[in-house]
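[1] Here's a sequence, model it:
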Amino acid sequence: MTKRKKAADPAVRVEELRELIRRHEHAYYVLDQPEVSDAEYDALFLELRRVEDDRPDLLTVDSPTQRVSGEASDQFAKVRHRSPMLSLQNAFDEAEIRGFDKRVHAAVGARLLRDGVFAVSVQLDPPLGANPEALIDTARAVRDTNKAQFVDVNDNPRARARMSGIMASVAIERFTGVETIPHLTPRDMTLTGLESILLGAHAEGVRNILAVTGDPPEAGDYPGRGGVYEVDSIGLVELLTRLNRGEDHHGRAIDAPTSFFTGIAVNPTADDLGLEAERFHHKVAGGARFAMTQILFDLEPLAAFRDRIGGWPIPILVGVWPVRTVETLVRVHNETPGIVVPEHVQARYRRAGANAREVGGELGHELIEDAREVAAGVYVMAPFRVPMNVVDFLPELVQPDAQEPVETGVRRSESSTRRTTEAGTP
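    Here you go, the predicted structure:
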């Protein structure tokens, strides 16, 4: 009969593990001469964490589980990052990765608006076909300029069938890392379809959704066909709020709550401003967290609408479109539902003649600068045929003096493993 091996004294084993981990961290961080593999280091760290979880009386403030990694070499220069740098602990299964992704994506966009960081998004139309390469290239170019934090993607604009705005956003986030704000209209899907695509988008890491009514179906590819509209945009906001509570449209529990950051559209130049204000209040009551205006060429209607509703209860992003020709400007004013180009703006373009392109750029920059005083940010509409041109138009972002930590919900001890993957806004 063999004797059972006596279990190590937890107090002794804790000290052994701490000494081993400190030695390996010094070799890795300071000497740049690692003595063990990442897997071996992780095994030691996880064993220490398990022992401390079982015996809280052995936990000390100087334990490797209670601080962030080891001491970095003084040969590294300090760098101030323009975007938040968020670290991912070592993850050992898909659930841990998705959990961190959920916490971070729920934090970033919301935090920018909450903390008063002026937000800039570039609005893109998805392709008419199945090839997303040009869209992805544009999003990548926007990211590389550091002139915008987001791209927002239309959902079948002008009621013309295109690649799904949500699926296009999934591709953008997957291949470029740019945070997206996909538009979603209830015009083209049943309630079941809306819930289905939202759950799929959430599983892929999309967190921002702009709930919109959508252009009228008769203006699109299939005149005479009506929209679905089992719910309107108010109902879509309420659906998103229910999903965030962990239930479907009928109140039945789903497997886990979502963490969508819901946006809405608002038009300060609507024909019926009373109705627009009433619907705005209903959307906010339904759970909206931010709003994006219709394209504006003058901010006076924005101020008037703000006064009508008694102030903005949620952050507002102003729509800016640097139109390049007077012909396009007049056509937009006459033919695009919901967009109004004031006469003084049309006259400014006419006076410019062949220099209308420069006027469009000047007016766009003026609107962006003025919006800094009255709104939380802007979105800039990219030209459809040459979307890359928007990159040259965008002004430099005004960066905050320093980046404060983003609360991701991860325990302090979870940030201490030595290999980290940095993830942040574009």
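[2] burial measure for the closest residue in space to residue 225 that isn't next to it in sequence, as a count.
    In space, and not counting its chain neighbours, residue 225 is closest to residue 217: 5.9 Å by CB to CB, 6 or more residues apart in numbering. Where C-beta positions appear, they are placed from N, C-alpha and C, glycine not excepted. For residue 217, the neighbour count with other CB atoms under 10 Å is 19.
[3] again, but for residue 327
    A count of neighbours around residue 327, defined by other CB under 10 Å, yields 11.
[4] give the contact list for it.
    With CB atoms under 8 Å, 6 or more residues apart in numbering as the criterion, no residue contacts residue 327.
[5] circling back: do you know how far the residue nearest to residue 225 is from residue 64?
    According to CB to CB, to the nearest Å, residue 217 stands 61 Å off from residue 64.
[6] on that earlier part again, just to check, the residue nearest to residue 225 is in contact with residue 186?
    No: counting by CB atoms under 8 Å, residue 217 stays clear of residue 186, with 11.9 Å between them.
[7] what's the residue nearest to residue 225 in contact with, if anything?
    159, 187, 223, 225-227.
[8] With residue 216 instead?
    Taking CB under 8 Å, 6+ apart as the test, what residue 216 contacts is 159, 227, 337.
[9] In a markdown table: these, plus distance to residue 272, secondary structure and pLDDT.
    Output for the contacts of residue 216, formatted as a markdown table (distance: CB to CB, whole Å; DSSP: H, G, I helix; E, B strand; the rest coil; pLDDT from 0 to 100):
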| residue | distance to residue 272 | secondary structure | pLDDT |
| --- | --- | --- | --- |
| 159 | 21 | helix | 89 |
| 227 | 20 | coil | 92 |
| 337 | 13 | coil | 83 |
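[10] I'd like to know which of the residues you listed is nearest to residue 120.
    Using CB to CB, residue 337 comes nearest to residue 120 of the contacts of residue 216, at 25.6 Å.
[11] so how many other residues sit close to the closest one?
    For residue 337, the count of nearby residues is 11 (other CB under 10 Å).
[12] re earlier: can you list the contacts of residue 217 in a markdown table and add distance to residue 274 and neighbour count?
    Shown next, in a markdown table, are these (distance: CB to CB, whole Å; neighbours: other CB atoms under 10 Å):
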| residue | distance to residue 274 | neighbour count |
| --- | --- | --- |
| 159 | 26 | 20 |
| 187 | 24 | 21 |
| 223 | 30 | 9 |
| 225 | 31 | 10 |
| 226 | 26 | 10 |
| 227 | 24 | 19 |
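[13] Export those to JSON lines and append columns for distance to residue 112.
    Listed next are the contacts of residue 217 as JSON lines, based on distance: CB to CB, whole Å:
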{"residue": "159", "distance to residue 112": "31"}
{"residue": "187", "distance to residue 112": "29"}
{"residue": "223", "distance to residue 112": "41"}
{"residue": "225", "distance to residue 112": "39"}
{"residue": "226", "distance to residue 112": "38"}
{"residue": "227", "distance to residue 112": "33"}
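[14] among the residues you listed, which two are most distant?
    It's 187 and 223 that sit farthest apart of the contacts of residue 217, by CB to CB, at 14.2 Å.
[15] quick one, what contacts residue 214?
    Residue 214 neighbours (CB under 8 Å, 6+ apart): 155-156, 159, 185-188, 227.
[16] how does it look with 10 Å?
    154-159, 183-188, 220, 227, 229, 232-233, 265 (CB atoms under 10 Å, 6 or more residues apart in numbering).
[17] Kindly provide the distance from the nearest residue to residue 263 once chain neighbours are set aside to residue 145.
    Nearest residue to residue 263 in three dimensions, chain neighbours excluded: residue 210, at 4.2 Å (CB to CB, 6+ apart). Per CB to CB, residue 210 is found 23 Å from residue 145.
[18] who has more neighbours, these two?
    The neighbour comparison of residue 210 against residue 145 (other CB under 10 Å) goes to residue 210, with 29 against 15.
[19] In its sheet, which strands sit next to the helix or strand hosting the more buried one, and in what direction?
    With elements delineated by DSSP states H and E, residue 210 resides in strand 208-211, which encompasses its position. Sheet pairing here is set by DSSP bridges, and for strand 208-211 it gives strand 179-184 (parallel), strand 261-266 (parallel).
[20] could you dump those to a markdown table with distance to residue 298, mean neighbour count and mean pLDDT?
    Output for the strands paired with strand 208-211, formatted as a markdown table (distance: least, CB to CB, whole Å; neighbours: other CB atoms under 10 Å; pLDDT from 0 to 100):
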| stretch | distance to residue 298 | mean neighbour count | mean pLDDT |
| --- | --- | --- | --- |
| strand 179-184 | 24 | 26 | 96 |
| strand 261-266 | 16 | 25 | 97 |
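[21] could those be laid out in CSV, adding distance to residue 33?
    Listed next are these as CSV, based on distance: least, CB to CB, whole Å:
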stretch, distance to residue 33
strand 179-184, 38
strand 261-266, 45
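[22] closest to residue 383 out of these?
    Proximity of the strands paired with strand 208-211 to residue 383 was assessed by CB to CB; the nearest stretch is strand 179-184, lying at 17.9 Å.
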